[in-house]
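In: requesting a structural model of the entry that follows:
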Amino acid sequence: MPALRLPSFDPTTEQGVLRLSIAASLAMAAAAVAFGLLANSSLIIFDGIYGLIDVVMTWLSLLVVRLISLSTHVDTLQSRLNQRFTMGFWHLEPIVLGVSGTLMIGAALYAAVNAVDALMSGGREIALGPAILFAVISIVAETGLALFVRRANRSIGSDFIALDAKNWVVAASMSAAYLVAFVGGYVLGGTQWAWLVPYIDPAILLVVCLFVVVAPMGTVRQALSDILLITPLDLQTHVDEVARDIVARHGFLEYRSYVAKVGRGEQIELFFVVRADDPPRALIEWDRLRDEIGEALGEESPDRWLTIMFTTDREWAI
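Out: Here you go, the predicted structure:
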């Protein structure tokens, strides 16, 4: 009987870091829901819901990373899945990032509305003991995870892990806000300001929600840019410089370039218009020229989709 193969939690790989993050997120989310119900705190319950959304979206990120990794290996190109997705899976990356950020924003807006409703209804009584204990545990765990994920991503350079690290920073910031709020409520209890205590939970929740709404905006904006195939200016400039040099050195008439960035994938199409009276060349010479152009564009990568075409007909280049 074959041995059971456990999922890899290697912190030096993108998939391993995401698996570790999923496990940690699930544990923190479960703890948040339990402590939230125990303390009757909508703030902590929201933290648990936020964590559960993060678990789902991180799992989807891991799935996309796995698909992209499989699709760029030669020995899997004949698989049924790759036959159905012949253009690869890069387009899934910005979709998942965009949906993840949008869900975070949506959850925060919904919680903000509930916080405003609680403020207008006299606040919410909470049990401060369990609430303070949870806040301390959360700050320690989430800060440690944020530092770990960021450090791991220095060598990996993944957008998914970068977003995950940002989520851990957001979570740690939220926990710090919890601790300040709950300790403040404990201090105010039994004083002339005790009437403020019921308002602390919804008030801090509202502030946290506003922060959560802003945090994923950059990721959502970049994901939307990738989905709409908006050309990155720096990449376009580099491609144009290489193409102009090739046109000048080989006496071509002109060129057309089409460039897009989709997640981690770069899609580059170059069309060179050759003179109709240009001396015939062997196919191997054109292939050498393609290799030269590819090297000038940068290091070859499984995440680069490069098409180079030579034609005497301008209509093929339009």
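In: the helix or strand containing Leu206: which residues count as buried?
Out: Here Leu206, judged by DSSP states H and E, is contained in helix 197-214. Neighbour counts using 16 or more other C-beta atoms under 10 Å place 197-198, 200-209, 212-213 of helix 197-214 among the buried residues. No exception for glycine: its C-beta is placed from N, CA and C like everyone else's.
In: tell me which of these is nearest to Asp117?
Out: Lowest distance from Asp117 to the buried residues of helix 197-214 (C-beta to C-beta) belongs to Pro202, with 8.1 Å.
In: from Gly123, how far out is that closest one?
Out: As for Pro202, its distance to Gly123 is 6 Å (criterion: C-beta to C-beta, to the nearest Å).
In: hey, where'd the strands end up in the chain?
Out: Using DSSP state E, the strands of the chain run over 254-262, 265-273, 304-311.
In: who wins for proximity to Ile284 among the ones you listed?
Out: Closest to Ile284 of the strands of the chain, according to C-beta to C-beta: strand 304-311, at 13.5 Å.
In: one step back: any idea which of the buried residues of helix 197-214 is the one closest to Pro130?
Out: Taking C-beta to C-beta as the measure, Pro130 sits nearest to Asp201 out of these, at 12.7 Å.
In: picking that back up, so of the strands of the chain, which one's packed in deepest?
Out: Ranked by mean neighbour count, the strands of the chain are led by strand 265-273 with a mean of 21 (mean count of other C-beta atoms under 10 Å).
In: in its sheet, what does it sit against?
Out: Here strand 265-273 is paired, per DSSP bridges, with strand 254-262 (antiparallel), strand 304-311 (parallel).
In: who does Gln267 bridge with?
Out: Assessed by DSSP bridges, Gln267 has beta-bridge partners Ala260, Trp305.
In: surely it and Trp305 touch.
Out: Yes: if you go by C-beta atoms under 8 Å, Gln267 and Trp305 touch, sitting 4.5 Å apart.
In: coming back round to it: C-alpha coordinates for the helix holding Leu206, PDB please?
Out: The C-alpha trace of helix 197-214 is given here as PDB (Å, rounded to 0.1, in the frame of the first residue of the first chain):
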ATOM      1  CA  VAL A 197     -17.900  51.400  27.100                       C
ATOM      2  CA  PRO A 198     -20.800  49.900  25.000                       C
ATOM      3  CA  TYR A 199     -19.800  52.200  22.100                       C
ATOM      4  CA  ILE A 200     -16.100  51.000  22.000                       C
ATOM      5  CA  ASP A 201     -16.700  47.800  20.100                       C
ATOM      6  CA  PRO A 202     -18.800  49.200  17.200                       C
ATOM      7  CA  ALA A 203     -16.700  52.400  17.000                       C
ATOM      8  CA  ILE A 204     -13.400  50.500  16.600                       C
ATOM      9  CA  LEU A 205     -15.000  48.100  14.200                       C
ATOM     10  CA  LEU A 206     -16.000  51.100  12.100                       C
ATOM     11  CA  VAL A 207     -12.500  52.400  12.100                       C
ATOM     12  CA  VAL A 208     -11.000  49.000  11.200                       C
ATOM     13  CA  CYS A 209     -13.500  48.600   8.400                       C
ATOM     14  CA  LEU A 210     -12.400  51.900   6.800                       C
ATOM     15  CA  PHE A 211      -8.800  50.700   7.000                       C
ATOM     16  CA  VAL A 212      -9.700  47.300   5.500                       C
ATOM     17  CA  VAL A 213     -11.500  49.000   2.600                       C
ATOM     18  CA  VAL A 214      -8.400  51.000   1.700                       C
END
